[in-house]
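Chemist: turn this into a model:
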Amino acid sequence: MHEYALVEAIIARVEEEVRQQGAVGVHRVELRVGDLAGVERDLLASAWEIFRAGSCCAQARLVIHGVPARWDCGACGAPLAAGGALQCGRCGGAGRLVEGGELLLERIELQVAG
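Modeler: Numbering: from 1, shown residues only. Now for the predicted structure:
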(Lines give C-alpha, C1' and ligand atoms only; values in the text may rest on other atoms or scores of the structure.)
Protein backbone atom coordinates (compact mmCIF):
# COMPACT_ATOMS: atom_id res chain seq x y z
CA MET A 1 0.00 0.00 0.00
CA HIS A 2 1.57 3.22 -1.10
CA GLU A 3 -0.66 5.10 1.34
CA TYR A 4 1.77 4.03 4.09
CA ALA A 5 4.68 5.58 2.21
CA LEU A 6 2.65 8.74 1.63
CA VAL A 7 1.84 9.08 5.33
CA GLU A 8 5.49 8.53 6.26
CA ALA A 9 6.46 11.33 3.85
CA ILE A 10 3.74 13.64 5.20
CA ILE A 11 4.83 13.07 8.79
CA ALA A 12 8.46 13.66 7.84
CA ARG A 13 7.47 16.97 6.21
CA VAL A 14 5.45 17.98 9.29
CA GLU A 15 8.39 17.08 11.56
CA GLU A 16 10.63 19.31 9.44
CA GLU A 17 8.18 22.19 9.85
CA VAL A 18 7.95 21.57 13.61
CA ARG A 19 11.75 21.87 13.85
CA GLN A 20 11.90 24.99 11.69
CA GLN A 21 9.16 26.75 13.65
CA GLY A 22 10.27 25.60 17.09
CA ALA A 23 6.84 24.12 17.72
CA VAL A 24 6.05 21.88 20.66
CA GLY A 25 3.17 20.00 19.09
CA VAL A 26 0.87 19.50 16.14
CA HIS A 27 -2.90 19.89 16.48
CA ARG A 28 -4.12 19.29 12.96
CA VAL A 29 -2.91 18.34 9.49
CA GLU A 30 -5.05 19.05 6.43
CA LEU A 31 -4.64 17.43 3.03
CA ARG A 32 -6.27 17.99 -0.36
CA VAL A 33 -6.67 14.67 -2.17
CA GLY A 34 -7.98 14.64 -5.71
CA ASP A 35 -10.36 11.97 -6.92
CA LEU A 36 -7.81 10.99 -9.57
CA ALA A 37 -4.73 11.12 -7.33
CA GLY A 38 -4.58 7.34 -7.05
CA VAL A 39 -4.96 7.52 -3.28
CA GLU A 40 -7.57 5.68 -1.26
CA ARG A 41 -8.67 8.21 1.36
CA ASP A 42 -9.83 5.55 3.84
CA LEU A 43 -6.49 3.74 3.60
CA LEU A 44 -4.64 7.03 3.98
CA ALA A 45 -6.62 7.77 7.16
CA SER A 46 -5.92 4.26 8.50
CA ALA A 47 -2.21 4.61 7.74
CA TRP A 48 -2.24 7.97 9.56
CA GLU A 49 -3.58 6.29 12.70
CA ILE A 50 -0.79 3.72 12.58
CA PHE A 51 2.17 5.95 11.75
CA ARG A 52 1.40 9.03 13.81
CA ALA A 53 2.02 7.17 17.09
CA GLY A 54 5.42 8.09 18.46
CA SER A 55 5.77 11.06 16.09
CA CYS A 56 5.17 14.76 16.54
CA CYS A 57 1.72 14.07 15.06
CA ALA A 58 0.68 11.66 17.82
CA GLN A 59 -2.11 13.99 18.98
CA ALA A 60 -2.84 15.57 15.60
CA ARG A 61 -6.12 15.19 13.78
CA LEU A 62 -5.96 14.43 10.06
CA VAL A 63 -8.49 16.22 7.86
CA ILE A 64 -8.78 15.10 4.24
CA HIS A 65 -10.52 17.37 1.76
CA GLY A 66 -11.65 15.53 -1.35
CA VAL A 67 -11.19 17.34 -4.66
CA PRO A 68 -13.44 16.30 -7.55
CA ALA A 69 -11.90 15.95 -10.99
CA ARG A 70 -12.41 18.95 -13.24
CA TRP A 71 -11.43 19.05 -16.90
CA ASP A 72 -11.20 21.76 -19.54
CA CYS A 73 -10.05 22.01 -23.14
CA GLY A 74 -6.29 22.35 -23.46
CA ALA A 75 -6.73 24.46 -26.60
CA CYS A 76 -9.56 26.91 -25.90
CA GLY A 77 -10.08 26.50 -22.14
CA ALA A 78 -13.77 25.57 -22.36
CA PRO A 79 -14.94 23.44 -19.42
CA LEU A 80 -15.69 19.80 -20.22
CA ALA A 81 -18.70 18.05 -18.71
CA ALA A 82 -17.99 15.63 -15.88
CA GLY A 83 -18.18 12.05 -17.09
CA GLY A 84 -18.24 13.16 -20.71
CA ALA A 85 -15.76 12.85 -23.54
CA LEU A 86 -12.31 14.28 -22.94
CA GLN A 87 -12.46 16.17 -26.20
CA CYS A 88 -13.83 19.68 -26.60
CA GLY A 89 -17.18 19.90 -28.34
CA ARG A 90 -16.39 23.47 -29.37
CA CYS A 91 -12.92 23.22 -30.96
CA GLY A 92 -12.04 19.51 -30.84
CA GLY A 93 -9.06 20.06 -28.52
CA ALA A 94 -7.95 17.43 -26.04
CA GLY A 95 -9.12 17.58 -22.45
CA ARG A 96 -6.75 18.69 -19.71
CA LEU A 97 -7.11 17.83 -16.03
CA VAL A 98 -7.40 21.12 -14.16
CA GLU A 99 -8.11 19.83 -10.68
CA GLY A 100 -8.53 16.48 -8.99
CA GLY A 101 -5.15 14.83 -9.49
CA GLU A 102 -3.41 16.46 -6.55
CA LEU A 103 -2.21 15.34 -3.16
CA LEU A 104 -1.32 18.49 -1.24
CA LEU A 105 -0.30 19.16 2.32
CA GLU A 106 -2.58 22.15 2.67
CA ARG A 107 -2.27 23.18 6.32
CA ILE A 108 -0.45 22.33 9.53
CA GLU A 109 -1.71 23.71 12.83
CA LEU A 110 1.20 23.89 15.25
CA GLN A 111 1.42 24.58 18.94
CA VAL A 112 4.27 26.94 19.64
CA ALA A 113 5.88 27.65 22.99
CA GLY A 114 5.15 30.99 24.42
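Chemist: check the chain for its longest helix and report it.
Modeler: helix 2-21 (DSSP state H).
Chemist: ranges for the helices of this structure?
Modeler: Taking DSSP H as the criterion, the chain carries its helices at 2-21, 41-51.
Chemist: how far off centre is the lengthiest strand in the chain?
Modeler: Scanning the chain for the longest strand, with DSSP state E as the assignment, gives strand 23-34. Strand 23-34 has its C-alpha centroid displaced from the chain centroid by 11 Å (C-alpha atoms, centre = their mean, to the nearest Å).
Chemist: for that strand, buried residues please.
Modeler: Ala23, Val26, Val29, Leu31, Arg32, Val33, Gly34 (16 or more other C-beta atoms under 10 Å). (Each C-beta comes from the backbone N, C-alpha and C, glycine too.)
Chemist: who does that strand pair with, and is each partner parallel or antiparallel?
Modeler: Its sheet considered, strand 23-34 pairs with strand 61-67 (parallel), strand 103-112 (antiparallel) by DSSP bridges.
Chemist: show me the contact partners of it.
Modeler: With contacts defined as C-beta atoms under 8 Å, 6 or more residues apart in numbering, strand 23-34 is touched by 10, 14, 17-18, 39, 41, 44, 56-57, 59-69, 99-113.
Chemist: and these, which are buried?
Modeler: In those, burial by neighbour count holds for 10, 14, 18, 39, 44, 56-57, 60, 62, 64, 67, 100, 102-103, 108, 110, counting by 16+ other C-beta under 10 Å.
Chemist: going by distance to Glu3, which of these wins?
Modeler: Distance to Glu3 across the buried ones among the contacts of strand 23-34 (C-beta to C-beta) is lowest for Leu44, with 4.7 Å.
Chemist: what pLDDT does the model give that closest one?
Modeler: pLDDT, Leu44: 98.
Chemist: right, and it touches Leu6 too?
Modeler: Yes - with contact defined as C-beta atoms under 8 Å, Leu44 counts as touching Leu6 (6.5 Å).
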